[in-house]
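In: Model the following, please.
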Amino acid sequence: MPTRVDFWGIPIGWGSGAVYVIAMAAAIYFLVRFGMEASLWFKVGRRVRPANNWKKQLWNVAKYYFAQARVLKQPYAGIMHVAIFWSFIVFFLGTALATINGHFFPILVGPVYLAYKLVLDLSILVFLVGVGMAAYRRYVQKPSRLTLDSRFNQSLLLISLIVILGPFIESFRLAVVSLTNEQPALTAAPWSPIGWGLARLWLASGATQATLMGWHTGTYIAHLLLVALFFVALPTGTLLHIMTSGFNIYLSKIDEPMGKLAPAATGASGEYLYADKLRNLSWKQLLDSDACTECGRCEDACPAHAAGRPLSPKQVMLSLRTAFRTEAVRVMKDQPELKPLVGGYITDEMLWSCTTCGACVNECPVLVNHLDTIVDMRRYLVSESRVDELLQTALANLGRYGNSFGQSDRARAKWATPAPGAPKIKDARKEEVEYLWFVGDYASFNPTVVETTRLLASVLQQAGVDFGLLYEAERNSGNDVRRVGEEGLYEVLVEKNSAAFAKAKFKAVLTTDPHTLNTLRNEYPAEALGGRPVVHYAELLDQLISSGKLKLSKKLGYQVTYHDPCYLGRYNGIYDAPRRVIEACGCTLVEMPRNREHSFCCNAGGGQIWMKEGEMPGGRPSETRMKEAAALPGVGVFVVACPKDLTMYKDAVKTTSLEEKMKVVDLIELVSEAI
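Out: Here you go, the predicted structure:
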């Protein structure tokens, strides 16, 4: 074997060739094994059409995979992850370029080569900083959301050794060329500050050229063998998400709004395919479970988990992954599964704890969609009548009366009976209106909310807004019905409301309920509304005030805070309109610690408002939120823009004994007072 080292530090000879063969074999093994693992998604899961907008999909990959946009939302963890991820990529690409440059054709020469060497050395420093941060986080901080798997420590050690050996290889090469006085290499040496610093240590120690050559060859071979081990371990190890997360980001839905729930799957004859078994989940849902990075951000954001309920969105994905890896072969052989997916790997209690607030989906750095899977499994539970009594009663009322309160059709618009001297609210089925006000159940029937409903009607009349109601023809919009898993009832409600829309003449739909807004805007069939917009009352108030149609004569001077409803903000991106209305009323807005897309759920969504409250050792989410507000200096008013929020927080302010410190008001109450 020749004792010469080429310009790039790659030993020439038979031994080196053998190591390259091993490394190449490992890479081939990786591709084959990963292909086999990935094929299970399609062999086990049902077929669904993937996203089909490659430009936006590639942009998502650039934004969320390479730029790590969501990872960086949390500074410490974000910097740590980006430092490791990007420096490892740079170092890996650098090694590949060195091999090409040294063995095939020169692509890095002159100043480009010098910059390349400097970037490689700097990437090593960045990597070591990231690894140090990761070690401190896992061994000192130990946040509860992390999966502290010892296999991850082994993976981190492996990639650390691969990276650390790099500057040692470079240092031995530079020490040899220094002894042989190869001027081109020596001129470039300062551009590898770490390698050159180590090389000077070896030279100072008196190491001979033969010794340095031996060290160089040994470390280089060890480096390549570790790379080969990395490739072998990757398809089944804890770093598999390096591959699966990129695929998941690319294939995630991008042309649909976040608030649009995936429809229930159906078989060839139109029957529902309930997610009681792996075969009835889509291949994309199985990919979601494999793409989970186990970072726990979803768990941190989950209100049910914070309350101490038996739900962790992360654990749902990990349990699904366990079921998939355990049962996949049996499923493909049509053998009975070892234990049921729902009720076995994933418990009923986990699924019923979800508020469908969307915080988990919003936080996931690799765009895993936990909600579609949770709702799919709820559909199975509903089909089996595995629901609590209160929810069963609410669903029965919705089926019979079209509302969850069990009230008759004619009682729906009882609140609209005009006061003496006040005009009657129009019936949109009988005369044309500009805005069809879809009031919703809570705004129509709940005593806590009805007064604010009347108040909004009065303000709209004062502003000269042309609006009307469907009166007894209105039914529950079905948003929460769908999210508890009663897809059939949701379709019935859509059909009845669509028929009522068809009999009315209007230009836009107005609603006070963000849940109604979401399903009408994002989920109802296009022909139901004929392309007419659906607006929230905060948006309309904002327009009326800014246009001068609604004049506010009084500056209230209150110091207030505002709660972003999940279905208004996170799902539909309406953040600024209610804030502008608050400021127009002459109030000073102090933001909640968790606001806008990071707002904390009140625990009413996903049908929770119809269910029994489970044990909450961590405290009810609405109470937690109220205590957050009470801790804000000088704030005495808690503003909401959702009928369910008004109900939940008026109750929470009582149960937390904060009535003297905090007043819960609807947005329209501020506007009415300021007129």
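
In: for the stretch 501-650 of the chain, what spans make up the helices?
Out: With DSSP state H, counting those that start in this stretch applied, the stretch 501-650 of the chain shows helices at 514-522, 526-529, 537-547, 576-584, 621-630, 643-655, listed in chain order.

In: If you count neighbours, what's buried in the fourth one?
Out: Which is helix 576-584. Under the neighbour-count criterion of 16 or more other CB atoms under 10 Å, helix 576-584 has 577-582, 584 buried. Placement of C-beta: from N, CA and C, glycine included.

In: For it, what is the distance to the chain centroid?
Out: 27 Å (CA atoms, centre = their mean, to the nearest Å).

In: and if you look at the last one?
Out: Using CA atoms, centre = their mean, the distance from the centre of helix 643-655 to the centre of the chain it belongs to is 27 Å.

In: could you check the angle helix 621-630 makes with that helix?
Out: 70 degrees (axes from the mean of the first three to the mean of the last three CA atoms, to 10 degrees).

In: which element follows helix 643-655 toward the C-terminus?
Out: strand 663-666 (DSSP states H and E).

In: Who does that following strand pair with, and is each partner parallel or antiparallel?
Out: Partners of strand 663-666 in the sheet, by DSSP bridges, are strand 637-640 (parallel).

In: for residue 463, phi and psi?
Out: Torsion angles at residue 463 (phi, psi; degrees, to the nearest 10) stand at phi -80, psi 0.

In: Does it touch residue 552 like I think?
Out: No - look at residue 463 against residue 552 with CB atoms under 8 Å: they stay out of range, at 10.8 Å.

In: What's opposite the residue nearest to residue 48 when sequence neighbours are not counted in the beta bridge?
Out: Take residue 48 and drop its neighbours on the chain: the residue closest to it by CB to CB, 6 or more residues apart in numbering is residue 282, 4.3 Å away. According to DSSP bridges, the partner residues bridging residue 282 are residue 46.

In: could you measure residue 282 against residue 227, distance?
Out: For residue 282, the distance to residue 227 (CB to CB, to the nearest Å) stands at 35 Å.

In: Also residue 180?
Out: Per CB to CB, residue 180 is found 28 Å from residue 227.

In: Looking at those two, which is more packed in?
Out: Neighbours per residue, other CB atoms under 10 Å: of residue 180 and residue 227, the larger number sits with residue 227, 21 against 13.

In: just checking, next helix/strand downstream of the helix or strand the more buried one falls within?
Out: Following DSSP H and E, one finds residue 227 within helix 209-233. Per DSSP H and E, the first helix or strand lying C-terminal to helix 209-233 is helix 241-251.

In: what about residue 218, how many neighbours?
Out: Using other CB under 10 Å, residue 218 is surrounded by 14 other residues.

In: Okay, it and residue 211: tell me how far apart.
Out: Residue 218 is 11 Å from residue 211, where distance means CB to CB.

In: same thing with residue 350?
Out: Going from residue 350 to residue 211 by CB to CB gives 61 Å.

In: Which one's more surrounded, these two?
Out: Shown here are residue 350 and residue 211; by other CB under 10 Å, residue 350 has more neighbours (21 against 15).

In: Now the helix or strand containing the more buried one: average pLDDT?
Out: In this structure, residue 350 sits in helix 348-352 according to DSSP H and E. Regarding helix 348-352, the rounded mean pLDDT is 96.

In: domains of the protein?
Out: According to automatic domain parsing, the chain comprises the domains 51-248, 256-383, 402-544, 550-674.

In: would you turn those into CSV with distance to residue 394?
Out: Listed next are the domains of the chain as CSV, based on distance: least, CB to CB, whole Å:
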stretch, distance to residue 394
domain 51-248, 33
domain 256-383, 12
domain 402-544, 4
domain 550-674, 4
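
In: For these, which has the smallest mean pLDDT value?
Out: Comparing mean pLDDT across the domains of the chain, the lowest value falls on domain 51-248: a mean of 85.

In: Count the neighbours of residue 593 for me.
Out: Residue 593 has 12 neighbours, counted by other CB under 10 Å.

In: typo on my end, residue 547
Out: Neighbour count for residue 547, taken as other CB under 10 Å: 9.

In: Quick check: pLDDT value at it.
Out: What the model reports as pLDDT for residue 547 is 95.

In: how close does it sit to residue 541?
Out: Taking CB to CB as the measure, residue 547 falls 11 Å from residue 541.

In: still on that earlier bit, for residue 390, find the nearest of the domains of the chain.
Out: Residue 390 lies closest to domain 550-674 among the domains of the chain, at 5.4 Å (CB to CB).

In: Give me the distance between the two termini of that closest one.
Out: End-to-end distance of domain 550-674 (CA to CA, to the nearest Å): 10 Å.

In: Could you do stretch 557-566 as well?
Out: End-to-end distance for stretch 557-566: 27 Å, by CA to CA.

In: all numbers from here: first residue = 48
Out: That works, and once the first residue is 48, the last one we named lands at stretch 604-613.

In: now what about that stretch, what contacts it?
Out: With CB atoms under 8 Å, 6 or more residues apart in numbering as the test, stretch 604-613 has contacts from 402, 404-406, 561, 617, 622, 625-626, 629, 633-639, 642-644, 646, 648-649, 652, 672, 676, 679, 681-689, 691-692, 696, 717.

In: out of the residues you listed, which are buried?
Out: Here, 16+ other CB under 10 Å leaves 402, 404-406, 561, 617, 622, 625-626, 629, 634, 636, 639, 642, 644, 646, 648-649, 652, 672, 676, 679, 682, 684-689, 691-692, 696, 717 buried among the contacts of stretch 604-613.

In: just so I know, which of the helices of the stretch 548-697 of the chain lies nearest residue 480?
Out: Per CB to CB, nearest to residue 480 of the helices of the stretch 548-697 of the chain: helix 584-594, 13.3 Å.

In: if I look at the closest residue to residue 300 other than its chain neighbours, how far off is residue 312?
Out: Excluding the flanking residues, the one nearest residue 300 by CB to CB, 6+ apart is residue 98, at 6.0 Å. Residue 98 sits 17 Å away from residue 312, taking CB to CB as the criterion.

In: in what helix or strand does the residue nearest to the spatial centre of the chain lie?
Out: Central residue of the chain (CA atoms, centre = their mean): residue 408, 2.4 Å from the mean position. Assigned by DSSP H and E, residue 408 belongs to helix 406-410.

In: who does that helix touch, helix- and strand-wise?
Out: Contacts defined by 3 or more CB pairs under 8 Å, 6 or more residues apart in numbering; DSSP states H and E place helix 406-410 against helix 344-348, helix 417-430.

In: all strands of this structure, in order?
Out: Secondary structure of the chain (DSSP state E): strands located at 473-474, 482-484, 514-516, 555-558, 581-583, 606-609, 635-636, 684-687, 710-713.

In: Make TSV from the helices and strands packed on helix 406-410 and add mean neighbour count and distance to residue 580 to it.
Out: Below are those laid out as TSV (neighbours: other CB atoms under 10 Å; distance: least, CB to CB, whole Å):
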stretch	mean neighbour count	distance to residue 580
helix 344-348	23	30
helix 417-430	23	25
